[in-house]
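**Student:** Give the three-dimensional model of this entry:
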Amino acid sequence: MQVPFGHRAMRGLYSLVIRVALPISLYYLIWRGLRQREYFDRWSERFALYRGEGLEGCLWIHAVSVGEVNVAAPLVAALRERMPDRTLLVTTTTPTGSARVRALWGDSVRHVYLPYDLPGAVRNFLDHFQPRLALMMETEIWPNLFEELKARGVPLVIANARLSERSLRGYRPIARLVRGALSGVDVIAAQSDADALRYRKLGAPESVIHVTGNIKYDLPLPEGVADQGGRWRDAWGDRPVWIAASTHPDEEDIVRQAHRLLQAQFPRALLLWAPRHPERFAAVAGDGTRAGFRVASRRIEGLPRADTDIFVIDTLGELMSFFAASDIAFVGGSLQEIGGHNVLEPAALGIPALVGPHTFNFQEITDLLIRAGAVQRVADAASLAKKLGEQFRHPAERIRRGDAGRSRIAVERGALTRTLELLEPSLRSAQAQTLPAC
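**Tutor:** Okay, here's the model as predicted:
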């Protein structure tokens, strides 16, 4: 079918804009690299320039960063069981996502960074790896990549699909181009009715949209995580413990103020602190020390000492164990307009959570857990300290809130099974390919 001239012209303009913006992208990599050295590594992959051997007939999953990789984990397990003869290619965008892939699967999957959405890079990437199924996690729409997959007849699925109002507005300037890209998608497995509606507004065909629920509800707890958290609690004694997880720079002073207010009520209160980005680890520790707190960190001290006020979790992959070692969690990205982060992890462990007013990235999940009583909102340092103090003074109520969250998650499970059912035709097609196993 001939592509309309207007669509080709818009796609060409889009590609030109990406080319013009490449110096900005490189500057961004350098800027991030000054804070996290891994951003200086493997630039060639971002332009689809590879030295090693390619693949043939693989299954490909793209997960932007750590959160998406974690969500993809049960899908990866299911695909490996369903098609053991096929190599899995897992792409990410961030070094932390790459590290998480290695931590979960080592060399049993192939990993590279997803290249920039330039026509030549996209073609090189697909020529090199030749996927027989493309699985995008959550919110990833790349017009050149999607168009090339459609041209090659590669089944394309957006799994655990979510689309916030902000993202919907962001796509509007290229709405016609995005509509064309989405015309080649075989399945959109949406997290909620609201996400499905926004994909319809974006121009996705009605026939490919299905509401499957959120796979995060099906995320299995790491083996022994609760026991590990309990052993850590025993090591640092009977203290009120809260965790500030996935915080951003503009929230850091609020967290410190809240902890100071909390210690006025509970002098032995301990704050476990996991900043969202690794480049903030040292800054959070340094700022805490300058503010007069006794600060320790995972890499240096290992575990909090008896006199530690703030313990910085400056490692990756251990957050669930530290959730399990906490009484209450504050989930960041929500006191500033980031849109919030995942509240399911503490809830799955029976840990009540607090969030700020900005949770639009996880609105349905957050609202669900608020209605269940497992999550409460705060607005500033004073209200954060107040809610923490209330739950420390009333442990039975705190436990009730935690149990309510865990029960609510149990009810919501099943998205993984529904997603795999939608994937079955594409998997059968990939299995029928006579190409050599990867």
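**Student:** quick one: buried residues of stretch 168-182?
**Tutor:** 168, 171, 174, 177-182 (16 or more other CB atoms under 10 Å). C-betas here are computed from N, CA, C, even on glycine.
**Student:** With stretch 117-126 instead?
**Tutor:** Buried, per 16+ other CB under 10 Å, within stretch 117-126: 117-119, 121-126.
**Student:** Generate a markdown table for the residues you listed, with distance to residue 49 and pLDDT as supplementary columns.
**Tutor:** Shown next, in a markdown table, are the buried residues of stretch 117-126 (distance: CB to CB, whole Å; pLDDT from 0 to 100):
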| residue | distance to residue 49 | pLDDT |
| --- | --- | --- |
| 117 | 16 | 94 |
| 118 | 12 | 94 |
| 119 | 15 | 94 |
| 121 | 8 | 95 |
| 122 | 13 | 96 |
| 123 | 12 | 96 |
| 124 | 7 | 96 |
| 125 | 10 | 96 |
| 126 | 14 | 96 |
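**Student:** Please flag which of the residues you listed sit within helices.
**Tutor:** 119, 121-126 (DSSP state H).
**Student:** possible to save those residues as JSON lines with distance to residue 248?
**Tutor:** Listed next are those as JSON lines, based on distance: CB to CB, whole Å:
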{"residue": "119", "distance to residue 248": "35"}
{"residue": "121", "distance to residue 248": "31"}
{"residue": "122", "distance to residue 248": "32"}
{"residue": "123", "distance to residue 248": "37"}
{"residue": "124", "distance to residue 248": "35"}
{"residue": "125", "distance to residue 248": "31"}
{"residue": "126", "distance to residue 248": "35"}
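**Student:** For residue 257, state which of the residues you listed is nearest.
**Tutor:** residue 121 (45.9 Å; CB to CB).
**Student:** Enumerate every residue touching the closest one.
**Tutor:** Counting by CB atoms under 8 Å, 6 or more residues apart in numbering, residue 121 makes contact with 46-48, 115.
**Student:** Assign a three-state SS to the closest residue to residue 143 other than its chain neighbours, would you?
**Tutor:** Spatial nearest neighbour of residue 143, excluding adjacent residues (CB to CB, 6 or more residues apart in numbering): residue 181 at 4.3 Å. For residue 181, the secondary-structure state derived from DSSP: H, G, I helix; E, B strand; the rest coil is helix.
**Student:** Would you confirm that residue 181 contacts residue 142?
**Tutor:** Yes. Using CB atoms under 8 Å, residue 181 is in contact with residue 142, at 7.4 Å.
**Student:** all helices for the stretch 301-438 of the chain, in order.
**Tutor:** 319-324, 344-348, 363-372, 381-393, 395-412, 415-432 (DSSP state H, counting those that start in this stretch).
**Student:** looking at those helices, which is closest to residue 57?
**Tutor:** helix 415-432 (7.5 Å).
**Student:** Domain ranges for this protein, per the record?
**Tutor:** 32-213+414-432, 225-412 (automatic domain parsing).
**Student:** Pick out the shakiest of those, pLDDT-wise.
**Tutor:** The weakest mean pLDDT among those belongs to domain 32-213+414-432, with a mean of 91.
**Student:** Which residues outside stretch 103-115 are in contact with it?
**Tutor:** 42, 45-48, 50, 55, 58, 62, 69, 73, 76, 87-93, 98, 101-102, 121-122, 124-125, 129, 316-317, 438.
**Student:** filter these to the buried ones?
**Tutor:** Among the contacts of stretch 103-115, those classed as buried by 16+ other CB under 10 Å are 45-48, 50, 55, 58, 62, 69, 73, 76, 87-93, 98, 101, 121-122, 124-125, 129, 438.
**Student:** Let me have the domains of the chain in CSV, extended by distance to residue 25.
**Tutor:** Putting the domains of the chain into CSV (distance: least, CB to CB, whole Å) gives the following:
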stretch, distance to residue 25
domain 32-213+414-432, 7
domain 225-412, 18
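**Student:** so which of the ones you listed comes closest to residue 11?
**Tutor:** The closest of those to residue 11 is domain 32-213+414-432. By CB to CB, the value is 6.1 Å.
**Student:** circling back to that earlier point, now distance to residue 8 too, for the buried residues of stretch 117-126, in a markdown table please.
**Tutor:** Shown next, in a markdown table, are the buried residues of stretch 117-126 (distance: CB to CB, whole Å):
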| residue | distance to residue 8 |
| --- | --- |
| 117 | 16 |
| 118 | 16 |
| 119 | 11 |
| 121 | 19 |
| 122 | 16 |
| 123 | 16 |
| 124 | 21 |
| 125 | 21 |
| 126 | 19 |
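**Student:** Can you tell me which of these is closest to residue 388?
**Tutor:** The nearest member of the buried residues of stretch 117-126 to residue 388, counting by CB to CB, is residue 117 at 43.6 Å.
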